[in-house]
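S.K.: Okay, here's the prediction I keep looking at, along with the sequence it came from:
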Amino acid sequence: MRPLLCLLLAFTAVSAEKPAPVENDKRVQSDGKGWRIEKAVIKDAKLPRVLLVGDSILNGYQGQATKLLAGKANVDLWVNPYNQSEYVNKLLAEVLANGPYDVVVFNMGLHGWQEGRIKPGTFEPLMRGYVEVLKAKLPKAKLLWASSTPVTAKGKPTEINAEINPNIIEQNRMAAKVMAEMNVPVVDFYGLLIDKRELARGDMFHWTAPAYNLIAQAAVDAILRELATK
């Protein structure tokens with residue numbers, strides 16, 4: 001049995017006064033066990049604690065990442081459909097109360113490209129605010145930003161989605177700029193998969209197991225490097 005316990009919570013278990021997360025765009029659903037916090041069953045409290053934050057891409061790679069970290073770290077997940085906003089920055093502070101964590105890998109991108117979700121000119125300040133929450137709540141933690149994965153054409157996985165992918169590229173660029181300013185290393189999921197689009201599933205956003213194994217390995221390699229410096 002893998003060392004994770006699904007806690008059967010959406011956002012209501014983080015705060016009973018807040019609504020559960022909802023994604024109305026049917027193209028970008030959770031593609032797995034759903035939006036949730038999932039906490040490790042801690043058998044060895046001496047191991048470092050890792051938090052993985054992301055969307056449905058995290059649902060794809062978390063199983064392999066957790067296996068690779070078995071015996072090396074206790075791994076919690078926060079799988080959510082949020083984009084950059086003041087709301088999510090406040091929510092993040094509540095989620096981090098489940099810590100403390102030694103390393104946090106975080107990503108937001110596949111739910112923020114739709115028109116009207118992020119007001120022009122606010123992406124970078126909101127992203128900066130997100131990192132500031134992480135640093136304030138987890139001053140000793142190592143942080144890693146994971147870039148968003150490519151978006152491919154519907155039914156033609158080797159082709160890039162000409163409408164959506166340019167937004168992903170631009171948001172990755174802005175996020176990388178913020179991370180450089182705030183000394184947060186980047187795990188480049190986009191760069192890892194852009195030339196491996198034959199591994200895309202064909203539904204625009206999701207990937208096959210070999211692709212998820214690649215990004216799991218990249219995330220784990222970065223996590224272990226950060227843990228080695230603590």
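M.R.: Sure, I can see it.
S.K.: neighbouring contacts of stretch 42-49?
M.R.: Residues external to stretch 42-49 that are found in contact with it (CB atoms under 8 Å, 6 or more residues apart in numbering): 3, 40, 71-76, 99-103, 227, 230. (Glycine included, C-beta is placed from N, CA and C.)
S.K.: any weak-confidence spans in the protein?
M.R.: Along the chain, segments meeting pLDDT under 70 span 1-32, 35, 111-117.
S.K.: And the helices in this structure?
M.R.: 56-68, 86-95, 123-137, 165-181, 189-193, 209-228 (DSSP state H).
S.K.: circling back to that earlier point, list buried residues within the contacts of stretch 42-49.
M.R.: Neighbour-count burial (16 or more other CB atoms under 10 Å) is assigned, among those, to 3, 40, 73-76, 101-103, 227.
S.K.: would you turn those residues into JSON lines with distance to Lys142?
M.R.: Written out in JSON lines, the entries for the buried ones among the contacts of stretch 42-49 read as follows (distance: CB to CB, whole Å):
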{"residue": "Pro3", "distance to Lys142": "21"}
{"residue": "Ala40", "distance to Lys142": "18"}
{"residue": "Ala73", "distance to Lys142": "12"}
{"residue": "Asn74", "distance to Lys142": "15"}
{"residue": "Val75", "distance to Lys142": "14"}
{"residue": "Asp76", "distance to Lys142": "15"}
{"residue": "Tyr101", "distance to Lys142": "9"}
{"residue": "Asp102", "distance to Lys142": "7"}
{"residue": "Val103", "distance to Lys142": "5"}
{"residue": "Leu227", "distance to Lys142": "7"}
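S.K.: for Ala136, what are its contacts?
M.R.: Ala93.
S.K.: if we go to 10 Å?
M.R.: Residues in contact with Ala136, defined by CB atoms under 10 Å, 6 or more residues apart in numbering, are 93, 96.
S.K.: before we move on, what about Ala180?
M.R.: 145, 186 are the contacts of Ala180 under CB under 10 Å, 6+ apart.
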